[in-house]
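# pasting a predicted model and its sequence here:
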Protein chains: 4
Amino acid sequence: MLVVMNQGASDAQVSEVIQKLEALKFKVNRVDGVVHTVLAGVGPADGLEPSEFEVMAGVKECHLIVSPYKLAARAFRPEGTVIKAGNVEIGGKEVIAMGGPCSVESPAQIELAAKIVAEAGGKVLRGGAFKPRSSPYSFQGMGEEGLQIMRAAADKYGLIVISEVMDASQIPLMIKYVDILQIGARNMQNFNLLKDLGRINKPVLLKRGIAATIEEVLLSAEYVMAGGNQEVILCERGIRTFETFTRNTMDISAIPVLKSLSHLPVVADPSHGVGKRSLVLPMALASVAAGADGILVEVHHDPDRAASDGAQTLKPEQFKDMMDKLKLIAAAVGRSI
Amino acid sequence: MLVVMNQGASDAQVSEVIQKLEALKFKVNRVDGVVHTVLAGVGPADGLEPSEFEVMAGVKECHLIVSPYKLAARAFRPEGTVIKAGNVEIGGKEVIAMGGPCSVESPAQIELAAKIVAEAGGKVLRGGAFKPRSSPYSFQGMGEEGLQIMRAAADKYGLIVISEVMDASQIPLMIKYVDILQIGARNMQNFNLLKDLGRINKPVLLKRGIAATIEEVLLSAEYVMAGGNQEVILCERGIRTFETFTRNTMDISAIPVLKSLSHLPVVADPSHGVGKRSLVLPMALASVAAGADGILVEVHHDPDRAASDGAQTLKPEQFKDMMDKLKLIAAAVGRSI
Amino acid sequence: MLVVMNQGASDAQVSEVIQKLEALKFKVNRVDGVVHTVLAGVGPADGLEPSEFEVMAGVKECHLIVSPYKLAARAFRPEGTVIKAGNVEIGGKEVIAMGGPCSVESPAQIELAAKIVAEAGGKVLRGGAFKPRSSPYSFQGMGEEGLQIMRAAADKYGLIVISEVMDASQIPLMIKYVDILQIGARNMQNFNLLKDLGRINKPVLLKRGIAATIEEVLLSAEYVMAGGNQEVILCERGIRTFETFTRNTMDISAIPVLKSLSHLPVVADPSHGVGKRSLVLPMALASVAAGADGILVEVHHDPDRAASDGAQTLKPEQFKDMMDKLKLIAAAVGRSI
Amino acid sequence: MLVVMNQGASDAQVSEVIQKLEALKFKVNRVDGVVHTVLAGVGPADGLEPSEFEVMAGVKECHLIVSPYKLAARAFRPEGTVIKAGNVEIGGKEVIAMGGPCSVESPAQIELAAKIVAEAGGKVLRGGAFKPRSSPYSFQGMGEEGLQIMRAAADKYGLIVISEVMDASQIPLMIKYVDILQIGARNMQNFNLLKDLGRINKPVLLKRGIAATIEEVLLSAEYVMAGGNQEVILCERGIRTFETFTRNTMDISAIPVLKSLSHLPVVADPSHGVGKRSLVLPMALASVAAGADGILVEVHHDPDRAASDGAQTLKPEQFKDMMDKLKLIAAAVGRSI
């Protein structure tokens, strides 16, 4: 903990900060600069908030030295983590493609989706059985029946299944059918849900919230990992900015940043990142060029009639074209797909 | 639904949009402009997404004419809504002050908080029994015991109680002790929770998410109201922007905007809005000057030793001083406190 | 300069940072923490960039201890600065109202504006002679003739004149007619212009850029002050965020923050802050409640026919009503208007 | 112009809008919906602002149908524009690499930079002779001497020169030495400068401002083009968001979006986009994968001793490595470098 005192802070103010640091078991080193006095506290870090020092009289600012996440930090496993879900490895040399519709609508639709994904070289079938919708008047999903449909289609085509869990109460149901549980962007800081997912032993894919900093993404991963579940996949899917032409602004730089700060695999979701079908291809290529371990893309046999998110969903031939081009990009960065 | 075609869109493209609109039961009016053709569809609005038209060949852009929220709209109750919780009316001529600590820590602490609030003219005691924390290593709250402590102290000082519900499973417990259930910023789009709160008959206070637009706030209110619970209080508490000096950027303009778009009462939370104790007073004054129906402020008998959020929590004498000044501001805008 | 080394940084890496600090004339104090080594450099601060250390091998992060601005800092003149322009004092006990149209259009229009402003208690006439417009096809301003019109009308009604300078080449012309030179938001970091304004001896009003942090506002003020012109008035006028209902998001908290970090007067521009006429009144009241030393508002005798910015421009009776209410708010915070 | 009336708008209010539209030479089509009346005005578009209608009584919202830019729009030259600067073509099949230091410091430094760039396959030498710096106490550039040094080094190695123009007064000097004039992000809306650059016949590279929307970038290009200079190259270089780990958030999706909305070439500047040397490589690869026509990168023979921007500047071997990898990515998307 580094505490920088104001220009002209009194001896009494400096003493008070030293006492507070010592009460928290810090050993304090005092450095008197030309303008400011700095107190460098050596000691414990867990659960401390710099703002509690910043509010003290005479304090200019305060910096936490130790990162607030540990299990998720690159230093915890410098060689990186490869997560195994079914027969699929995420975080290794191979770039993993995950595809499927936004919502499960029918067995026939999912059967077609699984076929499209598998034939183009994808490994994971995605699809929502429970849908979080901004409007209470929109389609809300098929529930358990949707999960059963996903499982059957995935098994038939040699794929594994990823689907979103919206609430802790859905976990027991989800783990019966699903290989990877997805935490949606809106739930990235639903701490009750994160804690419960820390107690299962299936991989979770954690989507970045639209207003979440990179540090907050890693803190949410830490929540899951602190509960015992080390299998967390991070996912960049766009943040909210002032630009409105795209649904969100996809932060491609978050991919190499997360890879450097953490040992966890990082995938990209260009469909939600941009929200427009025509932009999915260039953003998928950019994500893999920037180092993504996988991509998560919406595809539907007839997106113009999809129950949700049709505007950002690829047509079958677009998915195939994307996979062909991704193979070239993956090779260019020394990977395969 | 207004669909604007691209410059040079073909007749076939225009026809396809017309067919899609008609299939959705719209009556279509076609307007051929100098550069663009516009198709104005008259008909139903629920659940439609403009993006489903924007993705069609030849379409430039699309605008939904009818607001996606109805029950929350000002037009639904032009005279405005006054919500009664216990003996307190929110949304009337009186500005309501709600105060208390971030977390419930002990009976003595809450007793002191209730005394401070009541003596200064506050009407509602706030305090968290379940705490959502960004870090899994931070203090997580006292649970039901905390709620009991709040109830007892509030009753003793003639206050009512507001506390945050973090998960649908906590609702039955909360409604035993609490007069207003608060939906935290991180849960503003936890749609399962919103739906369940739509089925109770106690007021809820809905905090704006840090990345939520004003329209999204109203859609979340609509979720609760569509379930049957019309008693929703909106709360501005700061949005996330590029400015990092304050914890969030408090969007004071959202107060008059929400008042104009909706009939629901609007309160302001300057403590979370700025995150620094010294800024709470000016932001509370600004909120009431801008038309807030109430303020929600953190106060603690000894904030430097508070279990959480100490940096933004007022000292007792600061709370008293704020209330004195708020009385003058309230009078200046024709209200009382 | 505080340099925090990575967990596991080598001795060679630590030595290299120490050498770089010493080469820059810093005296280095080394603090070995449980996880990280911290190097606290005592010495000069001017022109140093933390990023030059952050890029070194083994470095985790770096913090500049001394604020990069000095002349603009509160510590430089703790009692605050009152700026005198003509017979008007800005930064004293009186809150100063500045009003007028966006653009100068004709002598009659400005004569009416000056009358409206003066009769309602305003002290400063605003109006643009040179207009920065996003589109090359919009009205671009009357130039010198506009300045002459402003001067004449202001003199007749006992007002002083503020107008925007868009380019260093306009300065000689502006200072012949204008009492306060306004630096527009788009020019806040036009450093050539700032330098040239540092050499004149008239007050300048510096508007915050739509993406400028509070620190950057103060650095731009420092540019002017470093040139010798100490008469800088800061102005909050809204920042760009994800919210699109308002033209910008007015950061009311910037008012008390700037007052605490700097000795310079701070005014607020609610017209540009929100961009909608109906929101100007509540935001003007909020600004003064939060401590603004003045407000800058657009008013026109017939805003629906104004050459620019009509949508955010008050009608005469709205300006009068705002001034009446501002008097009550000013009194509530111990000031006058 | 589409004007949507409020639910319950009176006949008088509708009439007033119709009259205003007709006064502006619009032919009005009226569509009465279930809830709202829509007025679709067919007619002229230049210089109109929707906000002038939105402020009228009874109006809910207003949409401009015709894009406010014309010369910059893709429809103006659907086949795309290839800009020739010296012997270099930008916007064709070849991806163009531009490299060099942030600031010109000495002949020897620029000679080394030109050698690094040319040997690795770059075509354009970049370097700043006039430096815009946030702090008045930072290094401000070598001026004309810097331009002479750039010209000599570029000529020796068969490169062309790009350098930033900070002020209209520098244009005559710049065009003596420079092949492409760069408009910095802070000057993207310096309309006086844009207008003057519209009168020269050399290409300009227009950097996106850190808070500029894509539409505003195109409007600024329109300013230059409306003056007669059609040779504008657009440049994505990062926008300001809430994320602070990177200096800016590079909006990679802006590259394909700009390519679809406009016929102008689009290049990317990953050095400023992220501000950290280690992230330049992945972001350069991502930019070309997403369709960039060129990249602009900072490189220096000894970046740790560079006069400015050292932290984001590549070392020679890093630049060479990036160029090798870019060749593979360019080939993967059917281009060369």
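Thanks, I have the structure now.

# what's around A:Q13, how many residues?
Residues near A:Q13, counting by other C-beta atoms under 10 Å in any protein chain shown, number 17. Any C-beta I mention is one placed from the backbone N, CA and C, and that applies to glycine too.

# and the nearest residue to it once chain neighbours are set aside, how far from C:L64?
Of all residues not flanking A:Q13 in the chain, A:G58 sits nearest, at 2.9 Å (C-beta to C-beta, 6 or more residues apart in numbering or on different chains). For A:G58, the distance to C:L64 (C-beta to C-beta, to the nearest Å) stands at 19 Å.

# OK, contacts around A:L261?
By C-beta atoms under 8 Å, 6 or more residues apart in numbering or on different chains, the contact list for A:L261 reads A:A73, A:R74, A:I214, A:L218.

# A:V257: what secondary structure?
Recorded secondary structure, A:V257: helix (DSSP: H, G, I helix; E, B strand; the rest coil).

# my bad, should have said A:A40
Going by three-state DSSP: A:A40 is strand.

# for stretch A:328-337, buried residues please.
Residues A:L328, A:I329, A:A330, A:A332, A:V333, A:R335, A:I337 are the ones in stretch A:328-337 that count as buried (16 or more other C-beta atoms under 10 Å in any protein chain shown).

# that one near chain D anywhere?
Yes. Using C-beta under 8 Å from any C-beta of the partner chain, stretch A:328-337 reaches chain D at A:L328, A:I329, A:A331, A:A332, A:V333.

# what packs against the strand or helix carrying A:A284?
Counting by DSSP states H and E, the element that carries A:A284 is helix A:277-289. Here helix A:277-289 touches strand A:266-268, helix A:270-274, strand A:294-298, helix A:316-332, helix D:254-261, helix D:277-289, going by 3 or more C-beta pairs under 8 Å, 6 or more residues apart in numbering or on different chains; DSSP states H and E.

# make JSON lines out of those and add mean pLDDT.
Below are the helices and strands packed on helix A:277-289 laid out as JSON lines (pLDDT from 0 to 100):
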{"stretch": "strand A:266-268", "mean pLDDT": "98"}
{"stretch": "helix A:270-274", "mean pLDDT": "92"}
{"stretch": "strand A:294-298", "mean pLDDT": "97"}
{"stretch": "helix A:316-332", "mean pLDDT": "97"}
{"stretch": "helix D:254-261", "mean pLDDT": "97"}
{"stretch": "helix D:277-289", "mean pLDDT": "97"}
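
# who wins for proximity to A:A118 among these?
Across the helices and strands packed on helix A:277-289, A:A118 has its closest neighbour in helix A:316-332 (10.9 Å, C-beta to C-beta).

# which helices and strands sit right next to that closest one?
Counting by 3+ C-beta pairs under 8 Å, 6+ apart, helix A:316-332 packs on strand A:96-100, helix A:107-120, helix A:277-289, strand A:294-298, helix D:316-332.

# format these as TSV; extra columns: distance to C:G86.
Below are the helices and strands packed on helix A:316-332 laid out as TSV (distance: least, C-beta to C-beta, whole Å):
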stretch	distance to C:G86
strand A:96-100	68
helix A:107-120	73
helix A:277-289	55
strand A:294-298	63
helix D:316-332	57
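
# and stretch A:75-90, which residues are buried?
For stretch A:75-90, burial by neighbour count (16+ other C-beta under 10 Å) applies to A:F76, A:T81, A:I83, A:A85, A:V88, A:E89, A:I90.

# and the furthest pair within these?
Spatial extent of the buried residues of stretch A:75-90 (C-beta to C-beta) is set by the pair A:F76 and A:V88 at 23.3 Å.

# how about the secondary structure of the residue lying closest to A:L112 once chain neighbours are set aside?
In space, A:L112 comes closest to A:H301 once its chain neighbours are excluded; the distance is 4.2 Å by C-beta to C-beta, 6+ apart. Per three-state DSSP, the secondary structure class of A:H301 is coil.

# quick one, what contacts A:H301?
By C-beta under 8 Å, 6+ apart, the contact set of A:H301 is A:Q109, A:L112, A:A113, A:I116, A:P316.

# with respect to chain B, which of the residues you listed is nearest?
Nearest to chain B among these, counting by C-beta to the nearest C-beta, is A:P316 at 15.5 Å.

# appreciated, that's everything.
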